[in-house]
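# for reference, the sequence and a predicted model appear below.
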Amino acid sequence: MRTTILVIGALAGILLLALLLAQSSGEAIPYAVKGTTGGIEFRQYPALVLATVDSSGNDAGFNLLFAYISGSNKPREKIPMTAPVITSQKIPMTAPVVSDATSMSFVMPHTKTLEETPDPLDGRVRITMLPAREVAVIRFSGYAPAEDVDAATSRLQAGLNNVGIVTAGQPFLMRYDSPWTPGFLRRNEVAIEIRR
């Protein structure tokens, strides 16, 4: 009996530690919920400043972006990490060139304006302003493999079609959690800009 209690206590301690480590240490970007339908949430986001890297691989730009916020910028200042990390399958609509490259973006803290955001030392990192917009979002958990992202994207687009909401641009993935967060605790979202 005593051994069982010790094992249960140890497992509870490990779970508590995993939950504490899983908490996102980054500030979440602000938004206002404008409504819901089914599992879809409609959000209004303010204008956002993004640090973006284009790459041929899904997460190839993460290290460049992490280096940028860790001090690989002209004033050599550290920039707090925010959530989510945004991954798109196309370069965002604000870019002057359209390509099939994947882009990954870190959102700068909402207190930083475009002018206050440090210039990167690495030319592969670009700083852009994303205008305020309304997006439709559907949430899912797990490690966000391509098949889960595709399934969430299909559910989102079908749900928007069912209620007659027009989309703009391409769907994008937002991931909120650190790499060591257990899959069942991870928050992922597929979103797309909407017009209503």
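The structure has been received and is ready for your questions.
# ok so Gln170 is a strand residue?
Yes. Applying DSSP: H, G, I helix; E, B strand; the rest coil, one finds Gln170 inside a strand.
# that one against Ala191, yeah?
No. Gln170 is not in contact with Ala191 according to Cβ atoms under 8 Å; the separation is 10.3 Å. Glycine gets a C-beta too; all of them are placed from N, C-alpha and C.
# distance check, the closest residue to Ser88 other than its chain neighbours against Ala132.
The shortest distance from Ser88 to any non-neighbouring residue, by Cβ to Cβ, 6 or more residues apart in numbering, is to Phe172 (4.0 Å). With the distance defined as Cβ to Cβ, to the nearest Å, Phe172 ends up 16 Å from Ala132.
# who has more neighbours, those two?
When neighbours are counted by other Cβ atoms under 10 Å, Phe172 and Ala132 differ, and Phe172 comes out ahead with 22 against 9.
# got a list of what the more buried one touches?
The neighbours of Phe172, taking Cβ atoms under 8 Å, 6 or more residues apart in numbering as the test, are 86-89, 190-192.
# which one's more surrounded, Gln170 and Ala191?
The neighbour comparison of Gln170 against Ala191 (other Cβ under 10 Å) goes to Ala191, with 24 against 14.
# pick out whichever of the contacts of Phe172 sits closest to Ser141.
Val190 (12.5 Å; Cβ to Cβ).
# could you list which residues are in contact with the residue nearest to that closest one when sequence neighbours are not counted?
Closest residue to Val190 apart from its sequence neighbours, by Cβ to Cβ, 6+ apart: Ala152 at 4.3 Å. Ala152 makes contacts with 138, 140, 188-190, as judged by Cβ under 8 Å, 6+ apart.
# could you check how far the helix or strand that contains Ala152 is from the centre of its chain?
Element membership for Ala152, per DSSP states H and E: helix 146-162. Here helix 146-162 is found 17 Å from its chain centre; the criterion is Cα atoms, centre = their mean, to the nearest Å.
# can you list the low-confidence ranges for the chain?
Under the criterion of pLDDT under 70, the regions of the chain flagged as low confidence span 6-26, 56-60, 89-101.
# who's sitting farthest from the centroid in it?
Outermost residue of the chain with respect to the C-alpha centroid, by Cα atoms, centre = their mean, is Met1; its distance is 45.9 Å.
# now that residue: how far from Ala32?
Here the criterion is Cβ to Cβ. By it, Met1 lies 53 Å from Ala32.
# ok, Thr128 to Pro120 distance?
Taken as Cβ to Cβ, the spacing of Thr128 relative to Pro120 amounts to 12 Å.
# which one of these two has more residues nearby?
Each of Thr128 and Pro120 has its neighbours counted (other Cβ under 10 Å); Pro120 has more, 20 against 16.
# for that one, give me its contacts.
For Pro120, the residues meeting the contact criterion (Cβ under 8 Å, 6+ apart) are 51, 68, 72-74, 126-127.
# residue contacts, Val166?
Contacts here follow Cβ under 8 Å, 6+ apart; on that basis Val166 touches 194-196.
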